Structure formats: C-alpha cells, structure tokens
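Asks: With the sequence up front, the predicted model follows.
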Protein chains: 2
Amino acid sequence: MTEQASSPYIYDLADGNADMKPLLGGKGAGVAEMHRIGVPVPDAFTVTTTACVETMRTGEWPAGLWDQIQAAVKRLEERTGRTLGGSEKPLLVSVRSGSVQSMPGMMDTILNLGISDSSVEALGAEAGNPRFAWDSYRRFISMYGEVVEGIAPHIYEDALSAAKQAKGVASDTDLDAEDLKALVAEYKRLSSDALGGAWTTDPMEQLRRAVDAVFKSWNNPRAEVYRRANNISAAMGTAVNVMQMVFGNMGETSGTGVCFTRNPSTGAKELYGEFLTNAQGEDVVSGIRTPRRLEEMEQVLPEAYHQLIETMELMEKHYKDMQDMEFTIQDGKLYMLQTRNGKRTARAALRVAGDLVDEGIIDKTEAVRRIEPGQLDQLMHPGIDPDAKPEAITTGLNASPGAAVGAIVFDADTAEERGKAGEDVVLVRWETTPDDIHGVIQAQGVLTSHGGMTSHAAVVARGMGTPCVAGAHELAIDAANKVVTVNGRTWHEGDIISIDGTTGEVFEGAVKLIPPAMDEDFERIISWADEVKSLVVRANADNGPDAAKAREFGAQGIGLCRTEHMFMDEVRLPAVQRMILAEDQAERAAALAEILPLQQSDFESIFEAMTGLPVNIRLLDPPLHEFLPGLVEQNLKVQELRLTGGSQEDITREEALLARVKKLSEANPMLGLRGCRLSLLYPEIPVMQTKAIVRAAIAVKQRGGDPVLEIMVPLVAYPEELKRLREIIVRVADEEIAAAGIELEYTVGTMIELPRAALVADQIAEYADYFSFGTNDLTQTGIGLSRDDAEGSFLNAYIDNDIIPANPFAQIDRDGVGELVRIGVEKGRKAKPGLKTGVCGEHGGDPESIELFNEIGMNYVSCSPYRVPIARLAAARAALGAQG
Amino acid sequence: MTEQASSPYIYDLADGNADMKPLLGGKGAGVAEMHRIGVPVPDAFTVTTTACVETMRTGEWPAGLWDQIQAAVKRLEERTGRTLGGSEKPLLVSVRSGSVQSMPGMMDTILNLGISDSSVEALGAEAGNPRFAWDSYRRFISMYGEVVEGIAPHIYEDALSAAKQAKGVASDTDLDAEDLKALVAEYKRLSSDALGGAWTTDPMEQLRRAVDAVFKSWNNPRAEVYRRANNISAAMGTAVNVMQMVFGNMGETSGTGVCFTRNPSTGAKELYGEFLTNAQGEDVVSGIRTPRRLEEMEQVLPEAYHQLIETMELMEKHYKDMQDMEFTIQDGKLYMLQTRNGKRTARAALRVAGDLVDEGIIDKTEAVRRIEPGQLDQLMHPGIDPDAKPEAITTGLNASPGAAVGAIVFDADTAEERGKAGEDVVLVRWETTPDDIHGVIQAQGVLTSHGGMTSHAAVVARGMGTPCVAGAHELAIDAANKVVTVNGRTWHEGDIISIDGTTGEVFEGAVKLIPPAMDEDFERIISWADEVKSLVVRANADNGPDAAKAREFGAQGIGLCRTEHMFMDEVRLPAVQRMILAEDQAERAAALAEILPLQQSDFESIFEAMTGLPVNIRLLDPPLHEFLPGLVEQNLKVQELRLTGGSQEDITREEALLARVKKLSEANPMLGLRGCRLSLLYPEIPVMQTKAIVRAAIAVKQRGGDPVLEIMVPLVAYPEELKRLREIIVRVADEEIAAAGIELEYTVGTMIELPRAALVADQIAEYADYFSFGTNDLTQTGIGLSRDDAEGSFLNAYIDNDIIPANPFAQIDRDGVGELVRIGVEKGRKAKPGLKTGVCGEHGGDPESIELFNEIGMNYVSCSPYRVPIARLAAARAALGAQG
C-alpha cells in the first residue's frame, strides 16, 4: 500500500488483497486479489468495515472519513480519466455493501451513481445510445430515491405507468429517449416533493448519502434475521465498495453473467453458468429474460468466452476451491465483478473436496476442514427433489430433517395399522405423547400443530430419523372428525401430503423425493475425518435395527440405550402397569418377571448388532406415572362414569387407578422420583434389569458373539446412591455370570446430569467405571429450564430478542452447563486418573458442542444414528481446530 | 496413666479424667474426674470407645481386648479385696454403656453381674439380708437373659406370676428368700432351655457377653433414631463402664437418687432432685415408685444429704456448668455414680448461662457458646393464652415447658404415622420408654400418668423442646382400647387435648395460644451474641405486621419481601386474574393499574415498620398459573357443565378459562415461565411493581420516615436478563423520583438461585448492586430435587436409610449447593470487590447452614421472623468457631 494512495478508512483497488477480507469484506478483498493477479476488474476503492463499525458505535462518521472518500474519488477520476457527474467522459460508479461473510441480497446496493443532468448526454454520446443513458438516469433516480432516501417506490412506478398510458404503450421498452427524458424530469420533481426540497442532484452528495445508507443497511431487519440464522456476529460491520460502472447493456457486443467453476449442485467438474447479451446483472437474476447457458457464449462472444474460461481456471487454482463469479462484458471487453467460494449442496461439497484432493490441490485434512458438519444432515434423510418443489401450504418448525410423503392419519393406532399394511402414512397430531410411539414408528413422517424443536414428537422423530414438522400453528386439527384445515382448505384422513422436515414446509399431494445415502464421496471424506479425530463417536439406540443402522453409519458403540422405550411398547405396557400398581413386592416381582424375557430379547439384538463394541445401557429413568394415564384424563374418566351412570364396578376400578395416578403425580416430575431414586425405592427393578442385561450378554456370547457390556445408573446426585446401586448390580451380575459358568466382563458407570453430581464428581468417581454426561438434563437443571415448557413459550422469545445466542438444548451453553461438564471431568479424573468420560444426548451430535467436548478432553460423544457421520466429521474438525 | 495398670482398650478409674470423654465416654470420664478430685465413687474401669468402633468395623473384638478386660477385673478385685462371683467377699459389678454425647436410656445396662450360685449366699450374709441377695440374683438373671441373650422377658414374668399364684400372694415383696431361691432355679432352667443349653452361669463369661451386648446396642434401632434426631455421629461408638455395684436397696439407711445443681426447667439456682430409700436406680426412673423430693432427704439421711450438697457445689464449680448427678447411698455411705452437664430447657439454658456470667464463673462469649441455637426454637413457640385459659381437667408435673395442642394417640407408632402425615398429635402414655422415641419425635406434646421430673419422658422431651406433662396420676389409661379416663370423663384416640408443659396443666379441646416473646434472659444472651457476630441477620416478611415482629426480634432489615403474597389476597386476586387473562397489553395495563395502589400501601407499611433499615423487595416470581384455577379442577368443571346440561354461556366462559389454564400449564413449573422470564415477557409487570415500590418509599419519606430501598430480580440465569430488567427498573424509578422532586437512593440486585447464575456470577455482578442467594431454589436445581415432590415421597426414605445425612432444604448441602454458593460469592466479588451477598430462604435460619455462610464471608442471612434470635445466636457462635 502506498502512503499517498489509500488512507485509514479507504483502500484503493491496488492496495488490497485476499487476506484483507476482515477489513475490506469478501467483495472488496476478492476484486483486489483478482486485480493483483492480473484478472481484469473495473477500477474501484473500498471503505473499510472499521468505518462502518465506528459509525454504528458513535452514531456518526469517524473524523476524516468524508475527506478520505473525496480524495479516493479524485484518485479514481485520475486513474480512469473520467469525472464523477462530469459533462465529458463522465465517471459512473456502483456503491455496494460487502460483508466479511457472504449475506447475499441482505444489504443495499446503488448502481449508476454519477449520472446527472450534466453527464447524461455525454454518457449517451459515448455509448452511441441516448436512450440507454436516459433509461440509466431514470433507473438511478428511483433506485437512489428508494434505497438511500427512503422514498416510497410506488410514486416512481405510478409516473412510469402514466407515461406509458399517455403514449398508449404497454412496455418500458416502447418508451424512447425523449419519453425517458421527460420521465427523468418528472422523477426529479416527485423526489424533491417527497423530501420537501431536500433532494440533491449533486453526485458527490449522493455518494456520501449512499455510503451512509449502506452502513445503515447492516442493521436492517432482514440482515439481522439472516445473521441470526447463519450465526454471523453483528459486530463485524460491512465494507462499502465503490466501483466504476461497466455496462453489459451497451449493445450486442456487451453482456453479463454468473458462473461456477464446478457444478454447485453435484460438485461435478463441468461448465456451469448463465449469461445474457445486452443486459445488466439484475436482468439475469430477475427472471424477466431467460438467461442462456454459458456454453453458448463461445459462439456469441468467443474472445471474452475464452478469457472467462481461463480466468475461471486461474481463480479456482488460486483459491483452491470452487468459485462463484460475476462478470460483465462491455463492448467485447471482459470485466470480473466478483468472485467468492461458491455455495454448494452437501453432496457437491463432498465431491468437490474429494476431487480437489485427487487433483492434488488440497490435502485430506484440508478436505475435512472444508465440510460444514451441519450441512451433512441433509444427506442423511430423503429430501424433496429441488427440481420438483411445489408451493408450501403451511410451514412449521424443521424438527427432524428429511422429507416424507404419505396418507394423513390422525391417531397412532391407525398409523400403525395402515403402516404395517405397507402404506406410507404421515401422522398428524396436535402433539404426540409416549403412547403414540407405536404409530410414530410406523409413520413415514410426523406433523404436529404444537410443540417445539425438542417436543416429544421432535425428539422421538429425530432419534429414529423420521422426518418431522412440529408446531405448525396454522393447522386446525379435528381428530374426532378426522379433518385438518389450513387457511380455509380442508384435508381428510387418507389424503396424501408431503412434509419437509429439513425446511419445515408442508405440501399437498406427493412431491418427488430423492433418497439418502452415504455415497462414495461421503464415505471417503468421513474416513479421512476418522484419521484425524480423537473423540470416539457412539450412537444412542434402543433396539437392534437402530443399533445396526448406527453401526452402518460408523458408530463405535452405543453411548445410550434407554430401557424405558422398551417399556412403552403396547404389548409390554400392561405388565409395566401391573408392576406399578402392585400392592406388594411379590405382585411387583411377578409383573417384573413377565417383562424380564422381553427386555432380555431386546438386549440380545442390540448386543448382536454391536458385537465387539461397547453398549452402554441405562437403568430405568422416567417417573412411573409416565406409564399410567394422565391425571386430567383419569379424573375426567371417573367423573364421566359417575355423571353418566357407569357401573359401580367400573367406577371402583377407575377410582382405584385414579388414586394411584394421584399418588404418583408430581408437581415437577423432572426433579422428582425418577432415575436412581426409583431404583433405590424399588430395588426389584434394577435387579430385574441387571438380570435381563447380563442374561442377554451371556446368550449372545454363547452364540459366539462378543458383547461389551456397560451398565449405567441415571440421575445420581449423591455418591451413596451409586455406591448402593453398584452393589446391587454387581451382586446380581456376578450371580448370573457364575450360574452360567462363563467369563464375562462388565463395567458400571453413572450419568452426570445434575449440577451436584458435577460438583462432587471426585466422590462419585470412586464408585464409577465411567461417566456419561447427560447434558440434556444438566441443561434443564443447570439453567433451571424445563425443556417441555421453555421451547413452547419464552425460549424462542429469548433467542429472537438476543437475550441468549442459541437454544441451549441444541448447542451447549458453554459458560454455564459447559463449565459444569468441565468441572465434572476434571474432578472425576483427579480422583480416578484416566476415567472414561462421554456425552449422550442431543449435544453429542452438535458440531459446536463437540468442539467443547473435544477441548475438555472427553473420550466420546454419542448421538442419534443419523447424526453419527456429522459427529465424526465435527470431531475431526474439532481436533484440527477448525471453527464450527 | 501407669503402664502396668491400664492398657490400650482399658482405663482404670484412677487413670481417666474429664478430658478423655471421646475415649471413655461421658460416664467413664465423669466418674474418673470425680475420683480425681476426691468425690467418692465406686471403683471401676472403662472399656474405650475405640474398642467398640473397632468391633463394629471388623465384626469382632480387637486382638487383646479380652485379655485386657480379664487383667482389669483382676486389678479391680485386688483394689476392692473382692472376687467376681467369689464365695467370700464377692465382687458384683454393673456394666453400662457410656457414649460421648448423652443418649439417656438408649443403650443397654446390666446390673449385679457377678452374682452366682457361689456368691449369692456370701452377698446375703454380708448384707445381713438373704432375701436381698436372692432377689438381686433373680433380677440379674432376667435382666441379663433379656438384654444380653435376647430371651423374651415374658418367660420370667410368667414364672414370677406363677410363684406368686402358688403362694397365693399379690406382690413381689411377699415372696421370701426361699421362694426367691426356688425362682432363681426356675429362671436358670428356663434360660437354659431358651438358649438350647448355651446359657452360662460363669460370671467372667457373662461379663464378656455383656460387654459385647453393650457394643452392639450402639446400633440398636432406638439408639439410631435418637442419634439421627440429635445429630450425633454414628461413628463415635460407646464406651463400656464396669463398676463395682453399690446397693441402695440394702435397707432404710440405703437409697438412691438423681439431682440437678440448678432447676433444669427454669434455670433457677435451687435444690432440684428426687430420691428413694431402699431402692435401686431403676426404681427412680421407671416410675414404679413415686420418688420423694430431695429436700426431704435431710431428715432421713442427714449425713449423706450434707455430703451430697457439698459435692453438688464442688462439681458445678469444677465443671463451670449445671450438673445432673446420680448417687447411691449404701448403708449410710454416699457414692456418686455419674455426673454430666445437665440437660435443660432453653429457658433454663439462658438463665443458667446468664447467672454463671453474673457469678463470675464464665464470661459472655462462653455464655454464647453454651446456648445451642436450635434449642431456642422452643422459646419461639406459642404458649397458652392466659386470658382464654379454661379450667384444667387434670394436672401433672411441668416436665418440659411450652404448650401443645393435638389429637390423642396412645402408642408411638400411631404418633409417628399421624405426625409424619402432618397431623398434630399428643402422645398419651403410662410412661414412655426408650422404644417410644420415634413417636416422641413426631408428637407435639407428651403426657404421662407416671414418672417424675427425671423420668425418661421428661428428660427426652426437655432435650427436644417438646412440651411434656409427666406423672398426671389421675389419668386412667387403657391403651389397648385407646381410651383415657379422668374423674369419670372419657377421651378416645383422635380427641383433641391441650397440655401446658410450663404449668403441668391438661385441657380438653384446643385452647387458644399466644405468640412467644423474648424474656430478659433471652434478650441478654442474644445481645451478647450481637457483640461477637459478623453476619447481619435480616428477616423474610411480606407485610407490615410481620416486619414489625421481625424488628422486635432484632432483625436488621428485610432480606426478602415476596410481592406475590400480596397478589394472593382474596380481594386482589380478581384483578390479578384479569391481568393474566387480558387479551392485550392495554387490558393488562388496566388490571395492573388496579393492583398498583394496593401493592403500594403494602410496601408503605413495610417501609414504616423497617424505617432506617434495608428492605429487599423481590419482583413477581411465581408462574402465572398459580393465580388461576388448577388444570384438573377446570377440566372437571367444564365436563360437569357439559354432562349436566349447563348453560351455553357458562360452558363458553369456562371453556375459555380452561383454554387459558391449559396454555399456561407447565410440565415443570419450577423450571418454567417465572421470575425474570415473566418480567421480560410482560414488562408492564415490573414497571407497575417498580412504581408501587418507589411511590411507597416516596410517601413514607414525605411523612418523615427513612425507607432504605432494595429492588431484586429473581431467577436470573443470564447476565443479559438482569441488564435489561435493571434498565427498566432504573428508568421507571428515576422517573418517579424526579416527578416527586425528592432525594431517594435505591439499589438493584439479583437472586442467585440457579446453578448457572452461580457459575457466571462474575458476569452477572456487572449489573447487580448485591446478590441474594435463594438457596431453596438453588437446592432444587442443584440437586435436581423438587421440594413439593421429594419431601412427600423419597426424601424421608433417603434420610431414614442414611443415603443423605439431613434434609437439604433444612440444612444446606455443603458439598453441592454450598459449593455453588461459594463459587457465586467468589466470582461475584472477583468482578466487583466488596459485593454485598446474603442468603434468603430457610437455610438463613439454620445454625449449621449459617456456619457455612459465615465461613464463606457473606454479609447477611435472612430468615423467618421467629428464627431471627436463633440466627443471631448461630451467627455469633459461627464467628466464635463454636460447633453447631
């Protein structure tokens, strides 16, 4: 950088480079870099992001900025031999935002600045096309008036319509130079009236206001929404790029277009782009004219075409990544306006990264760094075919990704029945409950009108990889009459709908789907990830098929097997309820004896699917009332029987059940009688479960398998709880092993899911072979936040209003819950060096959270089977120090 | 200690002293000390507590113990010139437990050991009374058989009855020496049969088994219950005292008694004791014979009497505290059997401590150390209203002061069951035994028809502060039929009675009670406490009268004023409900405007009562559904209207309310939409509350008062929550103050009641003028324990089964919740040095918890008004380093 040329807040084109992106924004750094390596770009200068940040901070421009801009304009005029607004060889410029991370279309742009009463004629003469000049002037006034001065656009539109009407024509193109000249005069008058005389026609003053408008557009609502959605910091600010206008609309030897160096949809190394002759950039994207395929440009503008192809190759090699570029040809001469790393689908990202390794351009670890783990999610579920996508009838939360097509059903029994009969169904419910599980299992997709991202339906659906749209509030569901209404339109049971759990959209009829798979490119990148990661990735699975699926996706064991899901099965629920309602220990033991062989057979299928890899089984966790009818429901049932003359026998039975439901009901079940508390009060439950687990392992081993057994105690707060339950587990397990006359190893661990457990982890470690951090519950207790309640009510408001940065159930709360995890790991390992520590729960599949777990030095994470590849990649990127 | 005499597990009488209480137990150290300073005690040796601890740990006696006991017996025989079980000059001993902290009657005692076929005749000859010898032998066999060998006592009672029947007499005393000799033979036969031949008649073997039985009695159920109720560690073990028997039952020049150096009920310096001639110790405490007042002994046994009075004075001076002593006179010669610091009522404790300071025996800080803060609780309980006092139905001894009202129960199990269920009960018994301890703990009061001031019931009740009337002889109790009759009138189980343990009166029905007050002794000790404490003690109060009461008890401000209690008032609830059900912000604001002046007037009365002292007001905390009908209730109402043909208008209204109740219902309200979350969603609520608080302060100030204002935000988890609410509070408060044209200071603080808040306390401190730790909620979230659910279900089981040492809602969980408090204080003060920190919630009134808060260096605690004196004392003791 030459001292004379640029100044603190301004960088001339020749003084920037690619590394200056934080200061010049993506666009400014990109064009400077192209200029530096000899690619033709229009001359330009960039106002830095720091100028924007300063302005936002103080409410006014930093001292000297305007002087520096005026000097930069002078230097640009000198370099181009043109004058801004001059009556000879006028200089026109574009004024564009340029953020550090791409925010396409979110901020403001002004084109053709510099056109004025004095320069318009000269521009027309230079182009040999007065109409082009007057049309540019007209467009400038309305764009500037609307974007910079905030004038309502309709006043320009009305004037344009009036002009066409007066002339009796229908199209803008039927207006000639004189018509447009008159229209310019009218536009100016209207603008001046709208601003009460504050309208300026001075190009320098217009430039000042335009730069200020771009600064301000950093904080416009759509930019804020976009930043929040894409995790972009609001503190970065935008640069402002002032660039000499080049015109693709100067005739048939001019044109404009967009190109990618590879196919952004598939990743294939092939030509991919569109162009139009005699057009400006907005004509390509606006859809008014249909653009032509880039290949055709070779015939029309061969010289520019070949130069473009060379430039594409040069830029991709230079940036070592697929490029997305904009170009304009003015009178046969090619100008590049922008280059950036191209946005691409997950599939394309994998293909491009793999190919770049094959081409020797990047190495394997760089390929791993290139893939955004969250993006892989879309590959793990069938998706809506992007080419066939119709308009959505309504939208809810994208609760579990993937697309589903099926017949509407309104209850779980019907879902199960029709699903088992081979029909594809979508279960449409107000909200699901654990009682619906059999229906959810059989459904292709779940759609609810209530509940949030971690509502029952959402959690269960994600765990099973079933697409789910939750909380679609516009749905009016009348389950009794099997009708759902949306905005006045009605669908009945059996009608086909489609849902896209990746976007939250709901469609009428069957939309076309594309299947998920780990294709070759996927497998290859993930296997490279495994080479660098240090965290082991396990999966959460509660049955054999899920365990098999998890193994297929590369899970290195089961991190959490929830035994209560086996209790929910409708065949088993009656025995479970008998167990709960038992009058004494003998009756309870009899009911448990019925459940034992069923649990054992479940465990056998899991051990078989995971042979040779560890399977961590958690003892019964939820409060017992979850297995009984609800308190409201049972109260209503009893009252109804009484008021409608039910038989005394029925009343007596239902009242007895109500009494039990009342006794077991809790004000705050999250903090109630569950987990190890239940096992300590009813030791016959852990005894039965330990028997079922150990017998299953023995059976699998006797059949030649290699079960690796971990038994886990949930909700421990006090070391004594674990001590006593460990004694029970060890006693029962050793008895079973001795009786079988077989060698079988097992370990006993605990969940760390309460703040107290983390704080006394050193004491708990004495009785634990391993720790599994239940970060879901640790989030609930650590922040005092009930997931069931918060997501439906204030949590969204908190996120929308920037009180908290992200949903703490999706991304771990680093300062609070993360600190508890760190304390727990440190204290546990202090007492027992090398103690194995892992995470189960949804954070185990979240890349940002995985970064923290890797940093803390944990041994493994565990997540739902479909998130295993994502976690493997995230673990690798964390090991490489790549930012999520 | 001489090497030859004592050995590791044994200390002879001459080798012990008062400082060796941990090793020798209270009794062993006490008699050794008396011996050391020249008071006559029977010769003895003590088996140490370490021998008991070792035996409990390993399940068998430590090596060498038996040899050491045998050697100690030899030495005792040599010193006394007698032989254990010898046929000439036989040595008889008592074998008694002796714990470090007094546990009256909870463990085993065996008297007269050494009596045998060979020694019985010699004993009779020596006493000149063969009947006495044979009666002692008979008593020894049944006592030893029952206590050591576990033989059912009824077999001895049956044999005794048979003997009386055979002779045709009614009383034991009608049996002569020959009868008793035959009975001894029968007892031996029965004992041998009961043990299948394992009965021993060898005194040394009996001694070995007796010592072992005392060891084991440390862990008997009643001892465990007593330890738990009195916070005595189970790890300490008991000593065993083997002491030469002296006989108070050798005739009319013999006797036995119990005396206190001051009145243990009132603390007055006056003679207080009871005795019986020709009796053994058990006759005094068992209530079989009614003892005589000690004063009468001067006539009967003048020499021993004067020696006793001298000894009492000597011992009190020596121990610098009121003594509780047991003595026996054998043939005119006085022996002291035991001395210990006497158990006393709280009132007596204060009086004695104050008097000892006046007498120059102890200083003021020692007086403060002497008072157990928890004991003061009994002074803070109501008494019988003297104006409303009805006529007593009968009167007994005023054994333990205070009034109690409750349902009559006749056995300890029922007392425990109904007491735990929350019912107030009065345990009515012939006399209590150590086996009744679980019932006494749960009863509001104890009433016995037999026993004196030093009976078991009296001693235990005084120790626990439970009101007790003892020896109400007019009561005819028929426990089997659950009926008590007094002068022809009858009461059944469940009938309500009242007792006044201060006067000994018993009343029918529930008499009117009056609130307690601090008397002069109380005031004096507490004022000494204030001189040494560093923690400020505030009170929790929600209205003017409570605030005034708190100030009367010495509160130095209000630590927590819960504004929601004002919302619950039935006059205000309709406006509160309108506020909640409001369709829009305007309607909500209108309802709030109605509540504002009501809240303001509440705050005014609090500021007035607390003028000059800080008042910390918490903004609305509970979830809104707490102010609406319950979900079950409203569902039932709607269904009932539907099924019973209610009007459409009613149905529509109640359905609308139900919809709102449903919407506001939460799965876990503890962790839901409450506290600052509510204020952020409905800012009009904190705006109204801030206005009401500040306007109240302005009004009080304008009337000449001095309001000291603190406004507190509850349930903060994220610094941003406090930042935003602080902005609202400061804006509104400053507007009100400016409008009033008055000077008014105020501070804004926050509750630290969530684990996250403690962990990020440094960030939160930036926006807080002070922290108030809400240890109730911090316990709920930190341990994952819903108070509403846990206390009714598993928490008692946890405490009963020693999984946790104490109820964490009563006594702070040091390792977990306490650690969070420590982290919060440290982080807060790191960010803001000198940050004021306090505790509100029930732990603020618990002595053990106060010890921790003092240790952490907090500024204040806050508790209910009636616990303020206790907290003041506890704070002083914490500052002095006295153990709770």
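Replies: Yep, it's here. Numbers count the residues shown, from 1 in each chain, chains lettered A, B, ... in the order given.
Asks: Please make it C-alpha for all contacts and neighbour counts, starting now.
Replies: Fine.
Asks: Output stretch A:411-425 as CSV, nothing but the C-alphas.
Replies: This file holds the C-alpha atoms of stretch A:411-425, laid out as CSV (Å, rounded to 0.1, in the frame of the first residue of the first chain):
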residue,chain,number,x,y,z
ASP,A,411,-54.1,-41.4,15.5
ALA,A,412,-51.3,-43.7,16.4
ASP,A,413,-53.4,-46.9,16.1
THR,A,414,-54.4,-46.1,12.5
ALA,A,415,-50.8,-45.1,11.7
GLU,A,416,-49.6,-48.5,13.0
GLU,A,417,-52.3,-50.5,11.3
ARG,A,418,-52.0,-48.8,7.9
GLY,A,419,-48.2,-48.6,8.2
LYS,A,420,-47.9,-52.3,9.0
ALA,A,421,-50.1,-53.0,6.0
GLY,A,422,-47.4,-51.3,3.9
GLU,A,423,-49.0,-48.0,3.4
ASP,A,424,-46.9,-44.8,3.7
VAL,A,425,-48.6,-42.6,6.3
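Asks: Could you find the closest non-adjacent residue to the residue in the stretch 151-300 of chain A that chain B sits nearest to?
Replies: Minimum separation of the stretch 151-300 of chain A from chain B (C-alpha to the nearest C-alpha) falls at A:A234, amounting to 16.2 Å. In space, A:A234 comes closest to A:R227 once its chain neighbours are excluded; the distance is 7.2 Å by C-alpha to C-alpha, 6 or more residues apart in numbering or on different chains.
Asks: Run through who's touching the helix or strand that contains that neighbour.
Replies: Applying DSSP states H and E as the criterion places A:R227 in helix A:221-229. With contact meaning C-alpha atoms under 8 Å, 6 or more residues apart in numbering or on different chains, helix A:221-229 is reached by A:M103, A:M106, A:M107, A:S217, A:W218, A:S233, A:A234.
Asks: ok, now with 7 Å
Replies: Contacts with helix A:221-229, where a contact means C-alpha atoms under 7 Å, 6 or more residues apart in numbering or on different chains, come from A:M106, A:M107, A:S233.
Asks: I'd like the average pLDDT over it.
Replies: Mean pLDDT, helix A:221-229: 73.
Asks: picking that back up, please spell out the PyMOL selection for the buried subset of the contacts of helix A:221-229.
Replies: Listed next is the PyMOL selection for buried residues among the contacts of helix A:221-229, using 16 or more other C-alpha atoms under 10 Å in any protein chain shown:
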select buried, chain A and resi 106+107
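Asks: residue contacts, A:D43?
Replies: A:L13, A:M243, A:Q244.
Asks: Give me the pLDDT for it.
Replies: Looking at A:D43, the pLDDT reads 97.
Asks: Next, A:I110: secondary structure please.
Replies: Secondary structure state of A:I110, per DSSP: H, G, I helix; E, B strand; the rest coil, is strand.
Asks: Any residues of chain A in contact with chain B? List them.
Replies: Contacts of chain A with chain B, taken as C-alpha under 7 Å from any C-alpha of the partner chain, map to A:632, A:636, A:643, A:666-673, A:717, A:720-721, A:754-756, A:759-760, A:781-786, A:788-790, A:794, A:803, A:815-817.
Asks: mind running it again at 6 Å?
Replies: Within reach of chain B by C-alpha under 6 Å from any C-alpha of the partner chain, chain A has these residues: A:632, A:666, A:668, A:671-672, A:720, A:755-756, A:759, A:781-786, A:789, A:803, A:816.
Asks: re the thing from before, secondary structure class for the residue of the stretch 151-300 of chain A closest to chain B?
Replies: Assignment for A:A234 (three-state DSSP): coil.
Asks: residues near it, how many?
Replies: Using other C-alpha atoms under 10 Å in any protein chain shown, A:A234 has 14 other residues around it.
Asks: tell me which helix or strand of chain A sits lowest on mean pLDDT?
Replies: Every helix and strand of chain A was ranked by mean pLDDT, DSSP states H and E. The lowest is helix A:281-286, at a mean of 64.
Asks: Can you give me the distance of the closest residue to chain B within the stretch 401-550 of chain A to A:E157?
Replies: Chain B sits closest to A:H450 of the stretch 401-550 of chain A, with a gap of 11.1 Å, by C-alpha to the nearest C-alpha. Distance of A:H450 to A:E157, computed by C-alpha to C-alpha, to the nearest Å: 43 Å.
Asks: Looking at those two, which has the bigger crowd around it?
Replies: Counted by other C-alpha under 10 Å, A:H450 and A:E157 do not tie: A:H450 has more neighbours, with 21 against 13.
Asks: wait, isn't that one in contact with A:G471?
Replies: Yes: using C-alpha atoms under 6 Å, A:H450 is in contact with A:G471, at 4.0 Å.
Asks: thinking again about what came up before, number of residues surrounding the residue nearest to A:A234?
Replies: Residues near A:R227, counting by other C-alpha under 10 Å: 19.
Asks: gap between it and A:W218?
Replies: Taken as C-alpha to C-alpha, the span from A:R227 to A:W218 is 10 Å.
Asks: what does A:N540 give?
Replies: The value you get for A:N540 to A:W218, if C-alpha to C-alpha is used, is 42 Å.
Asks: Neighbour count for those two, which is higher?
Replies: A:N540 (32 against 27).
Asks: got the phi/psi numbers for that one?
Replies: In terms of degrees, to the nearest 10, the main-chain angles of A:N540 are phi -90, psi 120.
Asks: Quick one: residues contacting it.
Replies: A:I558, A:G559, A:L560, A:C561, A:C863, A:S864 (C-alpha atoms under 6 Å, 6 or more residues apart in numbering or on different chains).
Asks: quick one on the thing from earlier: now do the next helix or strand after the helix holding A:R227: distance to the chain's middle.
Replies: On the C-terminal side of helix A:221-229, the closest following helix or strand by DSSP H and E is strand A:238-244. How far strand A:238-244 lies from its chain's middle: 30 Å, per C-alpha atoms, centre = their mean, to the nearest Å.
Asks: Contacts for strand A:238-244 next, please.
Replies: For strand A:238-244, contacts defined as C-alpha under 6 Å, 6+ apart pick out A:24-25, A:42-49, A:92-99.
Asks: And for stretch A:164-176?
Replies: Outside stretch A:164-176, no residue touches it (C-alpha under 6 Å, 6+ apart).
Asks: repeat for stretch A:113-120
Replies: Applying C-alpha under 6 Å, 6+ apart, the contact partners of stretch A:113-120 are A:L84, A:G85, A:G86, A:S87, A:P90, A:L92, A:V93, A:A133, A:Y137, A:P203.
Asks: I'd like the distance between the last one and A:L91.
Replies: So the one you mean is A:P203. 10 Å.
Asks: Next: the first one.
Replies: Distance check for A:L84 against A:L91: by C-alpha to C-alpha, it reads 4 Å.
Asks: Surely A:T339 touches A:M325?
Replies: Yes: here A:T339 reaches A:M325: they are 4.3 Å apart, a contact under C-alpha under 6 Å.
Asks: Give me the neighbour count for the nearest residue to A:P42 once chain neighbours are set aside.
Replies: Distance criterion C-alpha to C-alpha, 6+ apart; nearest residue to A:P42, sequence neighbours excluded, is A:Q244 at 5.7 Å. If you count neighbours by other C-alpha under 10 Å, A:Q244 ends up with 25.
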